[in-house]
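Visitor: Could you work out the structure for the sequence below:
(one chain, ligands or ions: 1)
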Amino acid sequence: MDVTSGAAVATLLFDLFDSEKPTVSSENANEKTEQHGSCAPLRILDLCCAPGIKLCMLADLSPPSSTLVGVDISPHRISLCKNIIKKYHIEGNTSASAPKSTNNDGATTDTDEKSNVIQPRVTIRLYCADGTTFGTNQTTTSTNTVKPDLVFDNNAAVEDFISSGGKRKRMNKSARAREKRRLLELQRSEASVGTNNTESVDDHTSNLHYESLSAEKREAICRSNEKEKLNEEDDIGSDPEYDFDRVIVDAECSTDGAMRHNGKRPSALPSKACPTWNDTNMDELIDLQKRLIDSGFRLLKRGGVMVYSTCSLSSKQNEEVVQWLLEKCQDAFIIPVSFLIHKKSSDDLPFIEEGSIPGTVRFNPVLNSKSLLVQGSGFFLAKIGKMNSIH
Ligand SMILES: C[S@@+](CC[C@H](N)C(=O)[O-])C[C@H]1O[C@@H](n2cnc3c(N)ncnc32)[C@H](O)[C@@H]1O
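Guide: Modelled structure (predicted):
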């Protein structure tokens with residue numbers, strides 16, 4: 001894990017590095033966000049989570065009983081993420097026994113009968129889904145809407161851990177089928193609590209009915225569904241399941257700053273399918289980053305905090321994307337961050353500098369005279385708040 005990943009996580013969870021000077025026109029910008037550092041459970045969204053480095057660290061550092069939702073569009077990478085969480089977190093995040101008390105002989109004893117209950121310290125859920133539309137009612141047929149694919153829930157994994165007698169073992173076919181069933185059950189029970197995301201029997205029946213309608217009628221239904229969908233999308237934020245206290249958008253990028261990793265995997269640059277960046281695919285990438293930051297901000301609750309980060313050094317993928325959001329959303333503002341506030345001089349951390357938007361941070365890799373990497377990796381981060389109300 002690079003120090004920059006730690007910086008992004010610390011920035012998201014704590015106000016340790018918030019510098020005092022507000023850089024937005026709104027007065028008392030910092031007062032418009034919730035006070036950080038309290039132990040109240042948080043709902044945290046990691047919109048581009050795989051392979052899960054930051055998600056694991058968030059799981060370690062977030063208050064007990066928090067919920068972490070990880071989303072990634074790549075099935076292969078989300079499955080890596082699931083494996084990493086399973087490998088490092090299930091047991092680590094569970095309390096295998098209730099608090100113990102010490103008797104007169106100095107021996108520890110279980111305090112109650114529930115001592116064998118294993119509970120995850122935080123809930124971690126992973127979805128294989130497009131972060132740009134996550135939480136909207138994605139219409140897949142003319143009448144039905146479906147939820148994104150829930151691929152992991154550590155509560156289900158813990159149940160499996162218990163049923164295996166507390167032994168971690170490689171999942172066989174039936175264990176995988178059991179987990180899949182459990183995830184479907186979890187998703188169904190959630191859907192029945194929610195209102196409009198369920199694929200019900202009625203929906204199925206109306207779908208059959210739909211097939212028998214004339215083309216004109218079908219078109220009319222599609223138009224009204226589309227309208228309804230847009231209205232619902234506008235209304236996002238009212239569903240508590242998609243309302244987060246903290247959001248991190250560690251966006252897909254050209255990875256030009258990730259020199260340490262790129263040095264190890266030069267063939268991965270910039271992607272296997274597309275070996276070089278050109279104007280067209282760069283524009284597409286920037287468009288994706290804008291849609292991701294926009295979606296992250298949509299899913300952030302009022303008073304919440306978001307971090308946008310990339311491991312690119314290009315201002316087009318960093319400051320310009322953040323600026324775009326600030327201009328689009330009047331209720332978005334920069335919470336200025338500085339990792340130098342506890343240092344006497346900037347010489348202490350020579351590879352860190354302020355981005356061209358005041359209060360944003362750039363980590364520059366330190367190169368020697370032969371342009372070889374000596375220290376660090378390139379990284380950009382911006383901390384963005386969402387005002388409690390729009391004036
Ligand atoms: C820089 S990596 C994230 C690294 C991750 N945050 C970590 O700390 O391990 C960017 C991720 O964005 C994912 N991604 C790309 N487009 C996406 C989209 N539309 N929705 C969700 N994830 C997306 C990629 O699959 C990739 O895993």
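
Visitor: Could you use CA atoms for every contact and neighbour count after this?
Guide: Will do.

Visitor: remind me which residues of the stretch 101-250 of the chain are low pLDDT?
Guide: Along the stretch 101-250 of the chain, segments meeting pLDDT under 70 span 101-118, 138-147, 157-171, 189-238.

Visitor: near the ligand, which residues of it show up?
Guide: Within the stretch 101-250 of the chain, the positions lying close to the ligand (Cα under 6 Å from any ligand atom) are 130-132, 250.

Visitor: among those residues, who's most crowded?
Guide: For those, neighbours were counted by other Cα atoms under 10 Å; the highest total belongs to residue 131, with 26 neighbours.

Visitor: wait, isn't that residue in contact with residue 74?
Guide: No. Because the distance of 10.6 Å does not satisfy Cα atoms under 8 Å, residue 131 is recorded as not touching residue 74.

Visitor: ok, residues contacting stretch 250-257?
Guide: Where contact means Cα atoms under 8 Å, 6 or more residues apart in numbering, the residues beyond stretch 250-257 that reach it are 46-49, 262, 269-270, 277, 285, 289, 292, 307-313, 317, 364-365, 377-379.

Visitor: next one: stretch 291-307
Guide: Residues from elsewhere that reach stretch 291-307, judged by Cα under 8 Å, 6+ apart: 8, 11-12, 32-34, 47, 131-135, 236-237, 242-251, 308, 321-322, 325, 381-389.

Visitor: Could you check the pLDDT of residue 384?
Guide: We have a pLDDT of 98 for residue 384.

Visitor: same thing with residue 277?
Guide: On the pLDDT scale, residue 277 is placed at 80.

Visitor: likewise the one 5 residues further on?
Guide: Reading off the per-residue confidence, residue 282 sits at a pLDDT of 91.

Visitor: Distance check, it against residue 381.
Guide: In this view, residue 282 and residue 381 are 20 Å apart by Cα to Cα, to the nearest Å.

Visitor: likewise residue 248?
Guide: With distances taken as Cα to Cα, residue 248 is found 10 Å from residue 381.

Visitor: any shared contact partners between the two?
Guide: Common neighbours of residue 248 and residue 381 (criterion: Cα under 8 Å, 6+ apart): 307-309.

Visitor: Buried ones from those, can you make that a ChimeraX selection?
Guide: Taking 16 or more other Cα atoms under 10 Å as the burial criterion, the selection of buried members of those in ChimeraX is written as:
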select :307,308,309
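
Visitor: Of the shared contacts of residue 248 and residue 381, which belong to strands?
Guide: Under the assignment DSSP state E, the shared contacts of residue 248 and residue 381 contribute 307-309 to strands.

Visitor: hey, where'd the helices end up in this structure?
Guide: Secondary structure of the chain (DSSP state H): helices located at 3-13, 53-61, 75-88, 154-163, 173-193, 201-211, 215-234, 259-264, 279-298, 319-328.

Visitor: which parts of the first one are buried?
Guide: Of the residues in helix 3-13, those buried under the neighbour-count criterion (16+ other Cα under 10 Å) are 4-5, 7-13.

Visitor: Using JSON lines, please lay out the ones in strands among the shared contacts of residue 248 and residue 381 together with pLDDT and distance to the ligand.
Guide: Output for these, formatted as JSON lines (pLDDT from 0 to 100; distance: Cα to the nearest ligand atom, whole Å):
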{"residue": "307", "pLDDT": "98", "distance to the ligand": "11"}
{"residue": "308", "pLDDT": "98", "distance to the ligand": "10"}
{"residue": "309", "pLDDT": "98", "distance to the ligand": "8"}
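
Visitor: Residue 337 pairs with what?
Guide: Note on residue 337: beta-bridge partners residue 18, judged by DSSP bridges.

Visitor: what about it, neighbour count?
Guide: The number of residues packed near residue 337 is 25, by other Cα under 10 Å.

Visitor: got it, and residue 121?
Guide: 21.

Visitor: do residue 320 as well
Guide: Applying other Cα under 10 Å, we find 16 other residues in the vicinity of residue 320.

Visitor: Please list all residues in contact with it.
Guide: Applying Cα under 8 Å, 6+ apart, no residues contact residue 320.

Visitor: count of residues packed around residue 18?
Guide: By the measure other Cα under 10 Å, the count of residues near residue 18 is 18.

Visitor: on that earlier part again, taking the residues of the stretch 101-250 of the chain next to the ligand one by one, which sit in strands?
Guide: When DSSP E defines the strands, the subset of these inside them is residue 250.
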